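Asker: how does the following fold in three dimensions:
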Amino acid sequence: MIKRIWHGYTSPENADAYEKLLETEVFPGIEAKNIPGYLSIELYRRDLGAEVEFTTVMSFASLDNVVAFQGEDYETAYVPAAAQKILRRWDAKSSHHELRISKSYQ
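Answerer: Okay, the predicted model is just below:
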């Protein structure tokens with residue numbers, strides 16, 4: 001499994017609006033693409049005082065599936081125009097990690 005990790009930052013005033021945009025438009029738009037091997041997306045939020053950091057972690061079955069999502073230059077970040085209007089800054093590239101161990105403790 002491949003984890004695609006990306007970070008974006010916005011002002012505290014825009015944080016709720018950005019989260020809502022992700023939940024109601026961006027994430028459903030990704031899911032609607034029916035990308036082969038796309039498994040899930042997670043959103044993490046962290047208050048840094050002067051700005052709010054958002055981290056997305058997308059899960060794909062393989063790197064080939066990431067290429068199907070983003071193209072040959074698969075490291076390029078996927079940041080729709082509506083998101084760019086709300087964000088202050090963001091990673092231009094996403095990082096990709098192979099999941100090696102996953103344990104769940106009950």
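Asker: can I take it that Ile35 is in a helix?
Answerer: No. Checked against DSSP: H, G, I helix; E, B strand; the rest coil, Ile35 lies outside a helix; its state is coil.
Asker: where along this structure do the strands fall?
Answerer: All strands of the chain, identified by DSSP state E, fall at 2-10, 38-47, 52-60, 89-90, 95-98.
Asker: and of the ones you listed, who's closest to Val67?
Answerer: Closest approach to Val67 among those (Cβ to Cβ): strand 52-60, 9.4 Å. No exception for glycine: its C-beta is placed from N, CA and C like everyone else's.
Asker: list the contacts of Gly29.
Answerer: Gly29 makes contacts with Pro80, as judged by Cβ atoms under 8 Å, 6 or more residues apart in numbering.
Asker: per-residue confidence at Ala17?
Answerer: What the model reports for Ala17 is a pLDDT of 97.
Asker: now the one 4 residues further on
Answerer: Confidence per residue is given as pLDDT, and for Leu21 that number is 97.
Asker: grab the longest helix from this structure for me.
Answerer: helix 12-21 (DSSP state H).
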